[in-house]
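> Sequence first, predicted model second:
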Amino acid sequence: MTKSELFVLPMVKPDLPPKCNYDTVSKFLTQKEIVCGETLTKSNMSEVLRLVTEQSDVEDSFFVADVREMFNQYEAWVSHLPRIKPHFAIKSNPDPVLISILASLGTGFDCASKAEITQILDMGISPSRIIYAHPCKPSSHLSYAVSRGVDLMTFDNFDELHKMKKLAPNARAVLRISTDDSAALCRFSVKFGAPMGSTYDLLCTAKSLGINVVGVSFHVGSGCQDDCAFDDALQRARTVFDQAESLGFNFNLLDIGGGFPSSKERGGVKFSAIAANINASLDRLFPPHLGINIISEPGRYFSSSAYSLAVNITSKRAVESEESSEPSFMYYVNDGVYGSFNCIMFDHQIVYPEILTNNGEYVYDSASSKDPSQTGYKTSIWGPTCDSLDCVVPQTTLPELYLGDWLLFQNMGAYTKCAASKFNGFDLSAVYYYDSQQSRSS
């Protein structure tokens, strides 16, 4: 399969499980321990973790990523939401391996900047598969998008309409509306989305400017905790569709945004429950016979569960307590909230440690490592910088660990490495890839 052929495949049907194209994926892999020839080794996560952590000269934190999980998430999507074509929000994780796999499956992409558009186009993906999903775009970025053939883009205010009239007169515009996102971890309607009281006037202005508005978009918030949140948003979208019809617009696009949970989310709503409610509302408000093209902008849904982060205990402090004869422990690890754990500060995530090694012995495959809170000492885990805000886990229970031991944090692919800094001179964590399907079938 050539590069040009790779990125024009249609969406895979639910009864046709996607296949991993190793020639495509392996070109991004640099870890010689994981790659044999032009394919990934037949490894599961534990084997990769053991392989890396047992190297005597390895101390830096690192990610492990299961490419099969990326395919699994896509299969689950087309099974539960067959009417909706996902446009991956690459802001959540711009890893070229993940993007390459999703592109091979036929997804679109949600880009919000010049750099994100450039990354997708430079990978050979057609601009027709991009939605420029930023309602308030810098003029230079908007002009760049137009020059590269990206014409589907969102707006939510009058000034943006006039900007588009000047710089992107032939755009296919999508009106982003506000939602009730009070149940989301990250609320977006405080910043973006036209209030419902302004949508009719915005459409009138677009009509007078000759701008081709083709549909409606919304976002119920990142990390949505309400499986019914989409119901109200879809009803609002239906209202705007009716307003547009009264003004002579012919809307053919509905973008339901993101907010879908990872498959490894602890607690909260399940993807299957959200999908069931969305399907019921779509069938009622936008039935299939209307021929509306329905897309979405999932980020963490595709990016989070495939990636796990391993960190090394570089320092340790025993803390005596007046309330107990047993000590508590502070462990200092080599990634923190200024690095991959920035998701704690900016994405409101709670992370859960699992033990990889204890006193130098690899114990991840033992039952106790999966649920270490059953026994042990009061523990806190801290990042490597000199800032006291750099706390990864304020309080948990772990058995006593030692310098050089390793901890693992799963579900760490979304809004982690992509937003990490090098504050205090600490480097970003590398990524090692494996294919769990290869291991099961070998």
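Received it, and whenever you're ready, just let me know what you need. The structure presented is a predicted model; accordingly, all values stated were derived computationally and were not measured.
> So which residues of the stretch 101-250 of the chain form strands?
108-111, 130-132, 152-155, 172-176, 184-186, 212-217, 222-224 (DSSP state E, counting those that start in this stretch).
> how deep is residue 118 tucked in, by neighbour count?
14 (other C-beta atoms under 10 Å). Every residue, glycine included, has its C-beta placed from N, CA and C.
> Next up, the contacts around it.
Neighbouring residues of residue 118 by C-beta atoms under 8 Å, 6 or more residues apart in numbering: residue 148.
> The same query, at a cut-off of 10 Å, please.
Applying C-beta atoms under 10 Å, 6 or more residues apart in numbering, one finds that residue 118 lies in contact with 111, 144-145, 148.
> Residue 396 now?
351-353, 372-373, 376-381.
> any idea which of these has the most stuff around it?
Going by other C-beta under 10 Å, residue 381 tops the contacts of residue 396 with 25 neighbours.
> Could you give the number of residues near residue 422?
Residue 422 - counted by other C-beta under 10 Å - has 10 other residues nearby.
> What about the residue nearest to it when sequence neighbours are not counted? Give its phi and psi, please.
Of all residues not flanking residue 422 in the chain, residue 428 sits nearest, at 6.9 Å (C-beta to C-beta, 6 or more residues apart in numbering). The phi and psi torsions at residue 428 (degrees, to the nearest 10) take the values phi -80, psi 150.
> Spell out which strands sit alongside the lengthiest strand in the chain in the sheet and which way each one runs.
In the chain, with assignment by DSSP state E, the single longest strand is strand 307-319. Next to strand 307-319 in the sheet, as set by DSSP bridges, lie strand 62-66 (antiparallel), strand 328-333 (antiparallel), strand 406-409 (antiparallel).
> Which stretch among the ones you listed approaches residue 230 most closely?
strand 62-66 (28.4 Å; C-beta to C-beta).
> Can I get that closest one in PDB, CA atoms only?
Below are the C-alpha coordinates for strand 62-66, written out as PDB (Å, rounded to 0.1, in the frame of the first residue of the first chain):
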ATOM      1  CA  PHE A  62       8.700   6.600  29.400                       C
ATOM      2  CA  PHE A  63       5.300   5.800  27.800                       C
ATOM      3  CA  VAL A  64       4.300   2.400  26.400                       C
ATOM      4  CA  ALA A  65       1.500   2.500  23.800                       C
ATOM      5  CA  ASP A  66      -0.600  -0.400  22.500                       C
END
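> ok, now which ones touch the residue nearest to residue 422?
Contacts of residue 428 (C-beta under 10 Å, 6+ apart): 60-61, 63, 335, 339-340, 416-418, 420-422.
> Residue 143 and residue 270, how far apart?
42 Å (C-beta to C-beta, to the nearest Å).
> With neighbour numbers in mind, choose between those two.
A side-by-side neighbour count of residue 143 and residue 270, using other C-beta under 10 Å, places residue 143 first with 15 against 12.
> got a list of what the nearest residue to residue 102 once chain neighbours are set aside touches?
Excluding its sequence neighbours, the residue lying closest to residue 102 (C-beta to C-beta, 6+ apart) is residue 88, at 5.1 Å. With contact set as C-beta under 10 Å, 6+ apart, residue 88 has these partners: 74, 94, 98-99, 101-103, 105, 107-111, 120, 258, 296-299, 301-303.
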